[in-house]
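Visitor: Only the shape, not the letters, is given here:
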């Protein structure tokens with residue numbers, strides 16, 4: 001199948017770039033003796049998850065139980081649910097997952113830990129637990145210090161749970177500029193203090209899990225970190241480029257769109273809007289744009305309706321006609337993937353693979 005036969009709008013993946021991204025991260029983690037348990041929130045596909053495992057990942061990370069159920073298709077030996085699981089229905093389903101793969105859950109309360117323990121006891125399975133600590137994002141996670149230590153001690157006492165270590169997400173570090181690197185260094189200082197407190201309490205911390213795609217290649221600078229869970233790196237996007245986490249040539253995924261109107265001078269309309277790209281804007285910027293037009297970097301994708309993309313071409317490097325096709329790298333690829341039913345893997349202009357986005361819409 002030739003790329004010209006793909007109906008638009010469609011999410012396409014350059015397989016050469018995808019494989020390069022996977023290989024680069026695998027090499028980095030091996031070089032620095034870091035476990036790689038990548039988050040599948042970006043690709044939402046067992047097919048890509050299996051590729052991550054084959055390239056050296058020790059397991060996969062998900063946010064929701066339904067995602068864990070889908071990722072069993074990648075046949076991982078280990079699944080990390082990096083989200084507090086609350087409620088009997090979800091926990092019963094998670095226990096079924098735990099019968100087929102080793103399951104670890106990140107949580108930040110004794111309430112969640114007790115519910116997890118009760119479910120594991122009823123199912124007669126063992127579940128690993130990571131105590132989540134807030135290192136500056138202010139989302140989930142207990143404060144470093146006594147709260148974290150007390151949570152870990154409570155987990156240790158609960159039947160059918162194994163305290164594996166701690167987890168954190170440095171999502172407040174959006175840029176790798178001077179301020180961002182200072183913020184990352186502060187995370188390192190927090191980790192140093194946490195690990196010293198656990199040693200003083202005589203508690204073993206086997207896993208220190210953290211990291212993000214923007215901070216990925218600085219992970220080795222955080223002393224004590226043993227595992228990273230990047231997600232976006234597999235495809236990358238405009239926001240990752242803006243953060244300094246990758247270059248535009250590292251963006252493997254783009255939306256293939258067709259020009260459907262040039263009725264207004266200096267403007268073209270493409271056949272994809274907010275239902276194709278999502279409405280996510282650039283991080284840390286007041287600029288209103290929704291993606292990078294590969295064929296004309298000077299063009300400005302500045303407005304969307306649900307099915308219409310408005311692109312200002314007054315500064316484009318070329319002219320466009322109705323029927324022309326363009327590749328647009330989204331600002332935030334994770335959300336864009338969740339809007340599409342399938343993806344097309346390209347090798348040059350040949351469609352080599354087509355796969356369903358099996359984790360699409362898996363929210364429970």
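Guide: Nice, I can see it. This is a predicted model, so every value here is computed, not measured.
Visitor: quick one: what helix or strand has the residue nearest to residue 324 when sequence neighbours are not counted in it?
Guide: Nearest non-adjacent residue to residue 324, counting by C-beta to C-beta, 6 or more residues apart in numbering: residue 259, 4.5 Å away. (Each C-beta comes from the backbone N, C-alpha and C, glycine too.) Taking DSSP states H and E as the definition, one finds residue 259 inside strand 253-261.
Visitor: Mind giving me the packing neighbours of that strand?
Guide: Packing partners of strand 253-261 (3 or more C-beta pairs under 8 Å, 6 or more residues apart in numbering; DSSP states H and E): strand 10-14, strand 267-270, helix 274-277, strand 325-330, helix 333-338.
Visitor: so where's the longest helix in this protein?
Guide: For the chain, the longest helix by residue count, based on DSSP state H, is helix 178-200.
Visitor: which outside residues touch it?
Guide: 133, 135-136, 144-145, 148-149, 152, 166, 168, 170, 172-174, 204-205, 208, 210, 214-215, 218, 221-225, 243-244 (C-beta atoms under 8 Å, 6 or more residues apart in numbering).
Visitor: hmm, try it at 6 Å
Guide: Helix 178-200 has contacts (C-beta atoms under 6 Å, 6 or more residues apart in numbering) with 135, 144, 149, 170, 173, 205, 215, 218, 222, 224.
Visitor: Buried ones in that helix, by neighbour count?
Guide: By 16 or more other C-beta atoms under 10 Å, the buried positions in helix 178-200 come out as 180, 181, 183, 184, 187, 188, 190, 191, 194, 195, 197, 198.
Visitor: Quick check: the farthest pair among the residues you listed?
Guide: Farthest pair in these (C-beta to C-beta) is 180 and 198. Separation: 27.3 Å.
Visitor: on that earlier part again, pipe the contacts of helix 178-200 into CSV and attach pLDDT, secondary structure and neighbour count per row.
Guide: Output for the contacts of helix 178-200, formatted as CSV (pLDDT from 0 to 100; DSSP: H, G, I helix; E, B strand; the rest coil; neighbours: other C-beta atoms under 10 Å):
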residue, pLDDT, secondary structure, neighbour count
135, 96, coil, 27
144, 97, coil, 18
149, 98, helix, 18
170, 94, coil, 24
173, 91, coil, 23
205, 98, coil, 18
215, 93, coil, 26
218, 95, helix, 21
222, 95, coil, 25
224, 96, coil, 14
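Visitor: Dump the residues you listed to a markdown table, plus distance to residue 283.
Guide: Output for these, formatted as a markdown table (distance: C-beta to C-beta, whole Å):
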| residue | distance to residue 283 |
| --- | --- |
| 135 | 19 |
| 144 | 25 |
| 149 | 33 |
| 170 | 14 |
| 173 | 11 |
| 205 | 31 |
| 215 | 14 |
| 218 | 18 |
| 222 | 22 |
| 224 | 28 |
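Visitor: Relative to residue 69, which of those is nearest.
Guide: Nearest member of these to residue 69, counting by C-beta to C-beta, is residue 170, at 28.4 Å.
Visitor: From residue 31, how far out is that closest one?
Guide: 21 Å (C-beta to C-beta, to the nearest Å).
Visitor: cool, residue 226 as well?
Guide: Counting by C-beta to C-beta - residue 226 and residue 31 are separated by 14 Å.
Visitor: Next: residue 60.
Guide: 21 Å.
Visitor: Give me the more crowded residue out of these two.
Guide: residue 60 (28 against 9; other C-beta atoms under 10 Å).
Visitor: That one contacts residue 73, doesn't it?
Guide: No - assessed by C-beta atoms under 6 Å, residue 60 is found out of contact with residue 73, at 10.6 Å.
Visitor: of all the contacts of helix 178-200, which two lie farthest apart?
Guide: 149 and 218 (26.9 Å).
Visitor: tally of neighbours for residue 208?
Guide: By the criterion of other C-beta under 10 Å, residue 208 has 23 neighbours.
Visitor: Show me how the record splits this protein into domains.
Guide: 3-8+246-356, 15-233 (automatic domain parsing).
Visitor: Any idea which of these gets closest to residue 364?
Guide: Checked against C-beta to C-beta, the stretch from these lying closest is domain 15-233, at 5.2 Å.
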